[in-house]
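Peer 1: Pasted the sequence and its predicted model underneath.
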Amino acid sequence: MTQSAQRNPFSVHTPEDMLASDVVSLFVDVFTDFYQIPKSGHTFLNGPRGSGKSMMFRYLQPDCQCLALGTDLWTLPFYSAYIPIKNTDLKITELSRLHARHADVVLNEHIMTTYVAAKVVKSFTALDVGDTDSRFADEMRRYYRGDFVLLLDAGGFDIATLPTIPAEASLSSVFKSIGDVLDTIYRKVLLYLRRLSFAPNDLNYSGPLLGYLDFLVPFIQGLRQMSFMPKGPVFLLFDDADNLNDTQTRILNAWVSSRTSGDISIKISTQLAYKTFRTTTGQTIDSPHDFSEVNLSTIYTSSHDKYRDRIAEIVTKRLRNHGLQLSPEEFFPADAEQETEIQELAQQLRDRWSQGEGRGFRPGDDAIRYARPDYIRNLRGSSKSGHTYSYAGFDQLVHISSGIVRYFLEAASQMYAEQQARIKHGAIVDVIPSFIQNKVVREQADRFLFSEFENILKDADEVQLNRAAKLRNLILALGGLFYETLVSGRSERRVFSIAFSDMPDQEMRDVFALGIQYGYFHESAIGNKEGTGRTKLYILSRRLAPYFTLDPTSFAGYRFVTSDTIRDAITRPKTFLSRVRNGAINADTLESSQLPLLLGEDV
């Protein structure tokens, strides 16, 4: 058996641990859609877990860029240093002792500055920047003995303790010496913070204090003058910045507002839970004046075709690397029997249109809009007893992944593993049967709604717990409502979205924000009901389609709702759905004489 036959081509790896060659071979260029990211300027990159943020950051790092462009470091358009925030000492508990105190900002900025500078230096140690070129080493030796010493001295570091470097020190050894100094400074302030936990009174901090403008900016400006460096800016790639505390977030915002993007462009990834856009002085940073903003889910909500093409390219690359010359549609086939029956229903709808009984402008309109919903509706009739809708086929899998690349890959990886376990030992997996596709996406929908939701509840405080419980109620209520709409006789049945016709209160906005953060909803915008502006559109994740038996292949339909509707859904979901099913709320018109419900017209 060859190695390619043994490996799972859809395995999901943590990008920061991947080799540059693996990243380049698997990466699909999305920067035509998100052009702000590789350009000079500060950028916020927002998206739920698994949307590809870390993979983009990994691809922007110099080892990947040199390999992808086939060029040397100094000819790159920028230099990137990866700054992870999750699971780092920046989150240490002892920092809470400084909260709301005068030293809070100063010490937090010193910690962040030192941490970032150390990460920048560490990024060089992983590169081959030309140790054989004596000119490069000579430049760095002069920098170490000159500007670096001056910066440390200005920050309060005892330069008498600074290690000396040999006259012929190599480039890599100079970087190591700089890194050792920064690590020493960093460890000293961490030790101070930990001692605070045991001190009955405040302890004076006597170490150096380094800041962004007085140390990090000139430090990086000095590095940019080296002949082995690219001529463009240095990108600082802050990954998972939601994990910064409030003070650190304000400090980072102050860095963004300082207009240093010509030398340092700060790229900040978040999982839609960034704590504040205010700086340490209370001012706000604003787009587009201070930064540009990229929301990854918009590629799905604004253009499904772009997202489908992106997934198709990812799958094709992985199949080719695995030695399979197959299209995504061939590898993930639809349920043939089901698709035949849906096509028969589509033809019947075209025939009715030609007889003057259609609803759309063209015969194909009714076929596209109603064939699949009619098939799902027929499944609950006696003629289809025992049958269920099959969520198989590449196009359906793309829709169900709901704009999140990792959701598609995790499902595909599990499907591959299950098929590999079923076939003869040593055989090549060259197709994923439809029944396995359907089984996996149904299991993942259940897990998404239950076990993954339980993880949210476990980590929640009292306020978050109440909010999460209401979010689950909202999901169950809307999912059930969308199903009743799908199997009704109304003109637009494939509804996955709602928009408010009035102003929701803060509680509702918080519930939706939590849902967006964890990927249960996507957010977009549409024209308001009055035609006088725009309002937010909340789209239920397609990952839940198998749980509610919804058609995942369209998200054009939406309804306007009132705040009273949603308040009823998040507090009494079972009662809400019972009223839909017993006719107290008409699933066709979505109106009720007893409760001000969905007020929108067909879209």
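Peer 2: Great, that's in hand.

Peer 1: farthest residue from the center of the protein?
Peer 2: residue 355 (48.3 Å; Cα atoms, centre = their mean).

Peer 1: Would you mind measuring from that one to residue 519?
Peer 2: In this structure, residue 355 and residue 519 are separated by 45 Å, where distance is defined by Cβ to Cβ, to the nearest Å. The C-beta positions use only the backbone N, C-alpha and C, and glycine is treated the same way.

Peer 1: Next, give phi and psi for residue 538.
Peer 2: Backbone torsions for residue 538, taken as degrees, to the nearest 10, come to phi -110, psi 120.

Peer 1: Can you report how many residues lie near it?
Peer 2: If you count neighbours by other Cβ atoms under 10 Å, residue 538 ends up with 23.

Peer 1: measure it to residue 522 for me?
Peer 2: Residue 538 sits 8 Å away from residue 522, going by Cβ to Cβ.

Peer 1: go on, residue 263?
Peer 2: Distance from residue 263 to residue 522, counting by Cβ to Cβ: 36 Å.

Peer 1: of those two, who's got more company?
Peer 2: In this comparison of residue 263 against residue 522, neighbours counted by other Cβ under 10 Å, the higher total goes to residue 522 at 25 against 15.

Peer 1: Three-state assignment for that one, please.
Peer 2: What DSSP: H, G, I helix; E, B strand; the rest coil gives for residue 522 is strand.

Peer 1: Do I have it right that it meets residue 403?
Peer 2: Yes: between residue 522 and residue 403 a contact is recorded at 6.6 Å, counting by Cβ atoms under 8 Å.

Peer 1: Setting the sequence-adjacent residues aside, check what's closest to residue 53.
Peer 2: Nearest-residue entry for residue 53: residue 269, 4.2 Å, with adjacent residues in sequence omitted and distances by Cβ to Cβ, 6 or more residues apart in numbering.

Peer 1: Can you verify that neighbour is assigned to a helix?
Peer 2: No: note on residue 269: no helix contains this position according to three-state DSSP, which reports strand.

Peer 1: Does it touch residue 55 like I think?
Peer 2: No: Residue 269 sits out of contact with residue 55 when judged by Cβ under 8 Å, with a separation of 10.6 Å.

Peer 1: The two: which is more packed in?
Peer 2: More crowded of residue 269 and residue 55, by other Cβ under 10 Å: residue 269, with 26 against 23.

Peer 1: The more buried one and residue 402, how far apart?
Peer 2: The gap separating residue 269 from residue 402 is 19 Å, by Cβ to Cβ.

Peer 1: next one: residue 124
Peer 2: With distances defined as Cβ to Cβ, the gap from residue 124 to residue 402 amounts to 39 Å.

Peer 1: can you list residues touching both of residue 538 and residue 522?
Peer 2: Each of residue 516 lies in contact with both residue 538 and residue 522 under the rule Cβ atoms under 8 Å, 6 or more residues apart in numbering.

Peer 1: Mind checking which of residue 124 and residue 402 has more residues around it?
Peer 2: Between residue 124 and residue 402, counted using other Cβ under 10 Å, residue 402 has the larger neighbour count: 28 against 24.

Peer 1: Give me the pLDDT value at the more buried one.
Peer 2: Residue 402 is assigned a pLDDT of 89 by the prediction.

Peer 1: Please name the residues that touch it.
Peer 2: Residue 402 is in contact with 300, 519, 522, 541-543, counting by Cβ under 8 Å, 6+ apart.

Peer 1: Any regions of the stretch 501-603 of the chain where pLDDT drops low?
Peer 2: Filtered on pLDDT under 70, the stretch 501-603 of the chain yields the residue ranges 554-556, 584-603.

Peer 1: residue ranges of the helices in the stretch 501-603 of the chain, please?
Peer 2: In chain order, the stretch 501-603 of the chain shows helices spanning 506-517, 545-548, 563-571, 573-581, with DSSP state H, counting those that start in this stretch as the criterion.

Peer 1: which strands and helices sit next to the shortest one?
Peer 2: Counting contacts by 3 or more Cβ pairs under 8 Å, 6 or more residues apart in numbering; DSSP states H and E, helix 545-548 packs against helix 394-400, helix 434-449, helix 462-486.

Peer 1: Please list the residues outside the first one that contact it.
Peer 2: Meaning helix 394-400. 304, 307-308, 311-312, 315, 328-329, 331-334, 391, 407-408, 411-412, 437, 441, 542-543, 545-546, 552-553.

Peer 1: What segments of the protein are strands?
Peer 2: For the chain, the strands defined by DSSP state E occupy 43-46, 79-84, 234-239, 264-270, 292-295, 495-500, 521-527, 534-540, 557-561.

Peer 1: quick one: average confidence on stretch 290-309?
Peer 2: When the per-residue pLDDT values of stretch 290-309 are averaged, the result is 79.

Peer 1: quick check, distance from it to the centre of its chain.
Peer 2: Between the mean C-alpha point of stretch 290-309 and the mean C-alpha point of its chain there is a distance of 11 Å (Cα atoms, centre = their mean, to the nearest Å).
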